[in-house]
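Student: Would you be able to build a 3D model of this:
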Amino acid sequence: MSYAVVAPPTSLPASRSSTKHHPIQRASAKAKTSQRRSTGGRAPPGFGGESSNEPRWRCVEGCGACCKLNKGPSFATPEEIFEDPSDVQLYRSLIGPDGWCIHYDKDSRKCSIYSDRPYFCRVEAEIFRTLYGIDKKKFNKEACSCCRDTIKSVYGSNSEELDKFNREIRRSTSA
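Tutor: This next block holds a predicted model:
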């Protein structure tokens with residue numbers, strides 16, 4: 001599989017710092033905990049639990065759209081994504097002359113440093129929270145949306161890669 005920085009949401013939050021919870025939110029969290037206890041540990045649909053039709057993000061082997069690091073002006077720049085200048089420098093150092101990551105093998109469509117790839121090449125809830133301010137509850141939906149946008153930008157709206165991604169997401173949603 002190949003992962004790399006996925007296109008962030010089209011509008012990044014004004015502040016990436018964590019927000020303080022209001023007392024109403026804390027009470028709501030307590031209510032959800034009580035609700036989970038009464039439903040065998042699962043939150044009922046509509047009360048913080050994943051609904052059966054909520055998309056669950058999955059990487060599709062052989063895609064690599066996220067490894068196209070220089071995606072053009074409609075995508076956020078590294079300076080807009082990262083707060084740490086060393087992350088910007090590392091990201092920029094990975095961009096090859098054709099805009100693809102220098103570690104992405106276009107023939108096999110795999111990352112040559114997959115197990116040692118930078119943190120920002122990992123599509124995980126905590127990374128999305130850190131980089132884009134995306135709440136864990138919204139991770140799957142946002143990750144799916146970001147991947148679709150990236151695949152469309154790299155391969156096109158009618159591409160085999162997009163079809164394969166959508167089929168995989170539908171399959172994981174119904175599983």
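Student: check contacts around residue 68.
Tutor: With contacts defined as CB atoms under 8 Å, 6 or more residues apart in numbering, the neighbours of residue 68 are 99-101, 150, 153-154. For the C-beta atoms, the positions are set from N, CA and C on the backbone; glycine is no exception.
Student: Repeat that for residue 164.
Tutor: Contacts of residue 164 were listed using CB under 8 Å, 6+ apart, and they are 60, 62-63.
Student: let's see it at 7 Å
Tutor: With contact set as CB atoms under 7 Å, 6 or more residues apart in numbering, residue 164 has these partners: residue 60.
Student: Residue 130 versus that one, what's the distance?
Tutor: According to CB to CB, to the nearest Å, residue 164 stands 28 Å off from residue 130.
Student: Repeat that for residue 158.
Tutor: In this structure, residue 158 lies at 34 Å from residue 130, with CB to CB as the measure.
Student: Looking at these two, which has the bigger crowd around it?
Tutor: The residue with the greater number of neighbours, taking residue 158 and residue 130 and applying other CB atoms under 10 Å, is residue 130; the counts read 15 against 8.
Student: For residue 96, grab phi and psi.
Tutor: Main-chain torsions, residue 96, degrees, to the nearest 10: phi -80, psi 170.
Student: which phi and psi does the closest residue to it other than its chain neighbours have?
Tutor: Closest residue in space to residue 96, ignoring its immediate chain neighbours: residue 102 at 4.5 Å, by CB to CB, 6 or more residues apart in numbering. Main-chain torsions, residue 102, degrees, to the nearest 10: phi -70, psi -20.
Student: Helices of the chain, start to end?
Tutor: Here the chain has its helices, by DSSP state H, at 23-38, 78-81, 85-93, 125-132, 139-155, 160-174.
Student: Out of these, indicate the one that is most buried.
Tutor: helix 139-155 (a mean of 20; mean count of other CB atoms under 10 Å).
Student: and the angle from it to helix 160-174?
Tutor: Computed by axes from the mean of the first three to the mean of the last three CA atoms, to 10 degrees, the angle separating helix 139-155 from helix 160-174 equals 170 degrees.
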